[in-house]
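Would you be able to build a 3D model of this:
(one chain, ligands or ions: 2)
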Amino acid sequence: MINNKRHLGKQFCSFFFIVITICFSGCAAKNESTTSQKENDSIIVGFSQIGAESAWRNCNTRSVQEAAAERGIQLVYDNAEQKQENQIKALRSFIAYQVDVIAFVPIVTGGWDNVLQEARDAGIPVLVTDRKIEVADQSLYAGFIGTDSLKEGRNAGLFLLEKFKNKSARFAETGEFINIVELFGTEGSSVAIGRADGLREVLKSHPEFRIIYSKSGDFLRSKGYELAVEFLEMYDDIDVIFSHNDGMTLGAIEAMEEKGIHPGKDIVIVTIDAQQAAIDALRGGKVNCVIECNPKTGPEIMKLVEKLAAGEKIPRLQYVQEEVFYETDDLSLIAPRGY
Ligand code: GZL
Ligand code: ZN
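Ligands and ions are numbered 1, 2, ... in the order given. The predicted structure is shown next:
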């Protein structure tokens, strides 16, 4: 609900902004005052983004910025550079600025209760996007829109069951395990936890599959490379790499090829995001399954922001449309990914 107090606050801020503009840029004042006058009537949303750790993240940021511009919504954007404390500071500045709505990507699930309590005390509705949070009081945020990471993990497990069905069938007589290495995303993030849980849920009734190595590469290509150098040193009987994002996968592929290992052939690779480079690797036979995680949520987010700014209710939980690309598909049908 946009209440008068905040509007007064905003008018003061905008007035202050206009005054400053007139003092420093004379000729532009006319344009600035009409522009800020127009913006006065538009919605102001504070958006805290976690950083720029992957192609997926950068596409997500562009999608939010473009959608706000298209709808005439004033976006106050902050890049937290992968630090939760920076996100909390940003949310506090949004509250001080009296934005109409706060939207943010929680880098990890915990630690949000206090700042969300402050937002609620200030009467500012909060939209959680992309990743989920865990709070004691669910009413501290209006709703969530983002990825169903549990489903992504399950899809990875289902692909492996199909891919290894013959080796699985012989397990009783051969006792031969299917060894999985997991490149884990950011520790404590809902998406890494969901992806890991989803895979384990599907494979728990298949003892022939075992996870011999699981470490966090923090969704970073550089760390995916470093971890791959390590696990390729440690093991020579890896059957599968299950990577929580394409960035880490691309790093691992680089390390494999340096050692003369053929990704997608000597070791099966399942990867999540579906950025263009992963689709190209799928077409090149270097990965075997690419699970889409959709970064282009800007338009949906801004629709929800408009509802919240108008004091309307929104769905508690909204998942975005995502699909899976298999090596056996007609890969020429996949449209350019845009990230
Ligand atoms: C998933 C998103 C993850 C992506 C990574 O919704 O939070 O963070 O899978 C990104 O590429 O860094
Ligand atoms: Zn089985």
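
Provide a list of residues in contact with the closest residue to residue 51 other than its chain neighbours.
Nearest in space to residue 51, with sequence neighbours left out and distances taken as C-beta to C-beta, 6 or more residues apart in numbering, is residue 82 at 4.4 Å. Where you see a C-beta, it was placed from the backbone N, CA and C, and this is true even at glycine. Contact analysis of residue 82 by C-beta atoms under 8 Å, 6 or more residues apart in numbering lists 50-51, 53, 107, 218.

mind giving me a markdown table with those residues and columns for distance to residue 235?
Output for these, formatted as a markdown table (distance: C-beta to C-beta, whole Å):
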| residue | distance to residue 235 |
| --- | --- |
| 50 | 32 |
| 51 | 31 |
| 53 | 27 |
| 107 | 31 |
| 218 | 21 |
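
Those residues also near ligand 1: which ones?
With C-beta under 6 Å from any ligand atom as the criterion, the contacts of residue 82 include residue 53 near ligand 1.

Select from the contacts of residue 82 the one having the most neighbours.
Neighbour count (other C-beta atoms under 10 Å) singles out residue 50 as the most crowded of the contacts of residue 82, with 26 neighbours.

Near the nearest residue to residue 143 once chain neighbours are set aside, how many other residues are there?
Take residue 143 and drop its neighbours on the chain: the residue closest to it by C-beta to C-beta, 6+ apart is residue 314, 4.4 Å away. Residue 314: 17 surrounding residues under other C-beta under 10 Å.

give me the number of residues near the nearest residue to residue 71 once chain neighbours are set aside?
Using C-beta to C-beta, 6+ apart and skipping the chain neighbours, the partner closest in space to residue 71 is residue 302 (5.1 Å). Burial of residue 302 is recorded as 27 neighbouring residues (other C-beta under 10 Å).

Assess the claim that residue 302 and residue 68 are in contact.
Yes - taking contacts as C-beta atoms under 8 Å, residue 302 lies within contact range of residue 68: 5.8 Å.

Return every residue with contacts to both of these two.
Counting by C-beta under 8 Å, 6+ apart, the common neighbours of residue 302 and residue 68 are residue 45.

part of a helix, is the residue nearest to residue 51?
No - Residue 82: not assigned to a helix; according to DSSP: H, G, I helix; E, B strand; the rest coil it is coil.

Mind pulling up the pLDDT for it?
Looking at residue 82, its pLDDT stands at 97.

what sits up against stretch 243-251?
53-56, 182-185, 191-192, 195-196, 217, 219-228, 241, 252, 269-275, 277-278, 281, 287, 290, 293.

Are any of the residues you listed buried, and if so which?
Neighbour-count burial (16 or more other C-beta atoms under 10 Å) applied to the contacts of stretch 243-251 gives 53-56, 182-185, 191-192, 195-196, 217, 219-221, 223-228, 241, 252, 269-275, 277-278, 281, 287, 290, 293.

sec struct for the closest residue to ligand 2 within the stretch 101-250 of the chain, please.
Distances between the stretch 101-250 of the chain and ligand 2 by C-beta to the ion are smallest at residue 206, namely 3.0 Å. Secondary structure, three-state DSSP: residue 206 is coil.

In contact with it, which residues?
Per C-beta under 8 Å, 6+ apart, neighbours of residue 206: 161, 168.

Likewise for residue 263?
Going by C-beta under 8 Å, 6+ apart, residue 263 touches 252-253, 256-257, 269, 281, 286-287.

What separation is there between the nearest residue to residue 176 once chain neighbours are set aside and ligand 1?
Excluding the flanking residues, the one nearest residue 176 by C-beta to C-beta, 6+ apart is residue 167, at 6.6 Å. Applying C-beta to the nearest ligand atom, to the nearest Å, the value for residue 167 to ligand 1 is 29 Å.

in what helix or strand does residue 304 lie?
Assignment of secondary structure by DSSP states H and E places residue 304 within helix 298-309.

Give the rounded mean pLDDT of the helix or strand just after that helix.
In the C-terminal direction, the helix or strand that comes right after helix 298-309 (DSSP H and E) is strand 317-319. The average pLDDT for strand 317-319 rounds to 98.

Check which helices and strands strand 317-319 sits against.
With contacts taken as 3 or more C-beta pairs under 8 Å, 6 or more residues apart in numbering; DSSP states H and E, strand 317-319 sits against strand 143-146.

Which SSE is immediately downstream of the strand it packs on?
Once the chain leaves strand 143-146, the next helix or strand it forms, by DSSP H and E, is helix 149-163.

helix or strand right after that next one?
Next along from helix 149-163, by DSSP H and E: helix 165-169.

how about that following helix, does it reach ligand 2?
Yes - Helix 165-169 is in contact with ligand 2 by C-beta under 5 Å from the ion, via residue 168.

which other residues reach that helix?
Residues contacting helix 165-169 (C-beta under 8 Å, 6+ apart): 161, 174, 176, 178, 206, 208-209.
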